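**Q** here is my input; please provide its structure:
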Amino acid sequence: MGLDEDALEYHEREPPGKLEIATTKPTNTQRDLSLAYSPGVAAPCRKIDENPDDAYKYTAKGNLVGVVSNGSAVLGLGDIGAQASKPVMEGKGVLFKRFADIDVFDIELEHSEVDAFVESVAAMEPTFGGVNLEDIKAPECFEIEERLRERMDVPVFHDDQHGTAIISGAALLNAAEIAGKDLADLEVAFSGAGAAAVSCAKFYASLGIPHENITMCDIDGVLSQERADAGELSEHAEPFAQGVPEGELADAVAGADVLVGLSVGGIVSPEMIRSMADDPIVFAMANPDPEIGYEEAKNARDDTVIMATGRSDYPNMVNNVLGFPFIFRGALDVRATGITENMKVAAARALAELAREDVPDQVVKAYGDQPLQFGPEYILPKPLDPRVLFEVAPAVAEAAMEEGIARDSVALEAYRERLEARLGKSREMMRVVLNKAETDPKRVALGDGDDEKMIRAAYQLQDQGIAEPVLLGDSETVEAAADDLGLDFDPEVVDPAERATERYAERLYDLRKRKGVTRREASELLTRDTDYFGSAMLETGDVDAFLTGLTNHYPSALRPPLEVVGTAPDTDIVAGVYMLTFKNRVLFCADATVNLDPSAEELAEITRHVANLARRFDVEPRAALLSYSDFGSVENEGTAKPRDAVAALHDDPTVDFQVDGEMQADTAVVEDVLADTYDFAELDGPANCLVFPNLEAGNIAYKLLQRLGGAEAVGPVLVGMDEPVHVIQRGDEVKDIVNLASVAVVEAQED
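**A** Model prediction:
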């Protein structure tokens, strides 16, 4: 099946199209409906009538954007009309929601006249918090946007004009940096003089490229006051018809530092690329075929050609989705009255800065594990990089506040945290721990320290002020890998082969001499096994926490810390806990990694540990000990075990959290079942700490919840150790290592 057939099947599949309306409030009871509509809806109506700004308080207006088009200039399709453009506008709505959690109504207007279009859109101002104009042909698009910006008191943004300008502007900032060229010295040639080209040229001038350094060409050659048709140029292109000689595109390109293509495919030849200045920058952005092919341009000369296109199958795709969702997010969240040049510049600079940062594993995996590192092949972040949201939106919001067009203000750090929460409950929960860790960073030893993931995790831990990482491994290997990764930091590296101290050996021997370990074997273990070495560092107080397990099986990695560090004084066992986050709730699940068949006493210990862990995340624990029976409905050895554990916990005066059981899983997590049928239960709401009767149940349940329930998992967090130790799962990503290290730092702070 070809792409067209796949796309048709995708759009036709029930329900047709790509968008739907979802309710955000309960609608399950008659009372819910009376609040949502009549008679309850009258109360907010009266408030808004008294104060129109209350629409942002009582309705969805503040998070609602209208994507408006007449279909007169649909990319690659031309003037197909309003109705045929609807799939594109729905798609735009999908991108708004997917990348910035912004709701959209797509509006297709059967208007070809500017006046009618402007009047229709302006009349919808009470509906929307912002308006995204889309696929409107030039020169009408310029006048429509300008008039709507004057008429409307909400942000109006024509993405076809400004989106490409902002994203390619960010790429230009980084390309110039890599090429070692100053913006003020760049000579820029444009192939194309339409709406996108004119907007890019204006925006590049805002970034610092002198207006006189920009030469623009249309189908008839270089725009010049000397041309016979100079008087017929549009008022928007005319400012770029400067006092330069008439000529062809090849004349404009010769000696230029930058070639910007926004015209037609195949118009630029290798000879033109060879005529450019040293280390040229080529943005060939015509779609679907660029002005010159990627390989053709790169192979045209021997020095570095920094190349970008509008295609996803080559590096450095200039993709508007890097801009509009996040620009609107920032503008909406401060209720800006418009989107200004300063806000657009702020977005471009934030994108450029982000491209210079280390790239998360999840992004690398999403793009086929291709190397993503700042350089000629990577000058723009990827659209699936979640960090774009909380870098670009705050930059836009800050610019709006500084310019005085924001009706609300936000504290930027708190705002970034709110944006992170939009990406998922796990980010919101982890932010609690990260903030605690940053108040008092601790020394964290990282086993497998010469592994690329550990090195990148160490960089993030140090860069974000979460911890003081100590990498255990070969120092030369670590330093070389850090250089290859482009990480600008000087990590502390400890090589066990060189630094195994007598003190560590004596301590290990003392701990294990009655377990078959000789003095010589203790020294050898420390030299060859970073798990023993890191455990010894932690046990002797040279570090505050230890993480390992990235390249070992979980039981093998756990054994050395258990032998050297041991369990806490008040417990005999350790357990592995996963924090599972859903859209509106969080669950702590134990034990999922360690204990095969814990006793009633051990289940009680595990429950105490899980409750303590929940409080580290500022969650007040409500623990349920699970079984296949509810409160004695089945009597056997298996159901008695969680029941006895609960009885022991209820009898313990030190237990200061809600706990009950044995109960079935749905009883524990469904409030109506718990409250209506078992009103005697000790839980005043659904359980958030689930304690499973054995390892088999716990491991199966958490994986099903993660895969089928759409939960995000953080962990396994090891609880019950005498010092902060965590065993990473093989295949974990850098963010997982950073998350567990943060938990370990908070544990060390408490100790």
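**Q** going forward, measure contacts and count neighbours with C-alpha atoms only.
**A** OK.
**Q** which ones are touching Ala138?
**A** By C-alpha atoms under 8 Å, 6 or more residues apart in numbering, the contact list for Ala138 reads Gly194, Ala195.
**Q** now do it against Met152, distance only.
**A** According to C-alpha to C-alpha, to the nearest Å, Ala138 stands 21 Å off from Met152.
**Q** same check on Tyr532?
**A** Tyr532 is 67 Å from Met152, where distance means C-alpha to C-alpha.
**Q** if you count what's nearby, which of those two comes out ahead?
**A** Taking other C-alpha atoms under 10 Å, Tyr532 and Met152 do not tie; Tyr532 has more neighbours (27 against 19).
**Q** got a list of contacts for the helix or strand where that one lies?
**A** Per DSSP states H and E, Tyr532 falls inside helix 530-539. Helix 530-539 has contacts (C-alpha under 8 Å, 6+ apart) with 445-448, 472-473, 496, 500, 504, 507-508, 525-527, 543-546, 548, 557, 560-561, 564-565, 723.
**Q** again with stretch 411-431
**A** With contact meaning C-alpha under 8 Å, 6+ apart, stretch 411-431 is reached by 100-101, 386, 389-391, 394, 398, 580-586, 617, 712-714, 739.
**Q** again, only this time at 7 Å
**A** Outside stretch 411-431, the residues within contact range by C-alpha atoms under 7 Å, 6 or more residues apart in numbering are Asp101, Leu389, Phe390, Pro394, Thr581, Phe582, Lys583, Phe617, Glu712.
**Q** what of stretch 714-734?
**A** Contacts for stretch 714-734 (C-alpha under 7 Å, 6+ apart): 360-361, 453, 456-457, 545-552, 554, 557-558, 565-569, 571, 573-580, 609, 736-737, 740, 744, 747-748.
**Q** can you check stretch 624-638 too?
**A** 639, 642, 659-665, 668, 687, 689-693.
**Q** same deal with stretch 457-472?
**A** Stretch 457-472 is contacted by residues 434, 437-438, 441-449, 489, 492-496, 530, 734, 737-738, 742, 745 when judged by C-alpha under 7 Å, 6+ apart.
**Q** ok, longest helix in the protein?
**A** If you go by DSSP state H, the chain has its longest helix at helix 159-179.
**Q** if you count contacts, what does it end up packed against?
**A** helix 195-207, helix 341-355 (3 or more C-alpha pairs under 7 Å, 6 or more residues apart in numbering; DSSP states H and E).
**Q** check which residues of the helix or strand following the longest one are buried.
**A** Once the chain leaves helix 341-355, the next helix or strand it forms, by DSSP H and E, is helix 361-366. Of the residues in helix 361-366, those scored as buried under the neighbour-count criterion (16 or more other C-alpha atoms under 10 Å) are Asp361, Val363, Val364.
**Q** then stretch 480-487?
**A** Those would be Ala481, Ala482, Leu485, Leu487, for stretch 480-487 by 16+ other C-alpha under 10 Å.
**Q** for it, give me every contacting residue.
**A** Contacts for stretch 480-487 (C-alpha under 7 Å, 6+ apart): Gln373, Glu452, Ile455.
**Q** save these as TSV, and put in secondary structure and pLDDT too.
**A** Shown next, in TSV, are these (DSSP: H, G, I helix; E, B strand; the rest coil; pLDDT from 0 to 100):
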residue	secondary structure	pLDDT
Gln373	coil	88
Glu452	helix	90
Ile455	helix	93
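**Q** by neighbours, which of these wins?
**A** Counting neighbours by other C-alpha under 10 Å, Ile455 leads those with 25 neighbours.
**Q** test my guess that it contacts Leu446.
**A** No - using C-alpha atoms under 7 Å, Ile455 is not in contact with Leu446, being 8.9 Å away.
**Q** just the ones in helices from the contacts of stretch 624-638, please.
**A** Thr639, Pro642, Ala665, Ala668.
**Q** of those, closest to Val305?
**A** Val305 lies nearest to Ala665 out of the ones in helices among the contacts of stretch 624-638, by C-alpha to C-alpha, at 59.8 Å.
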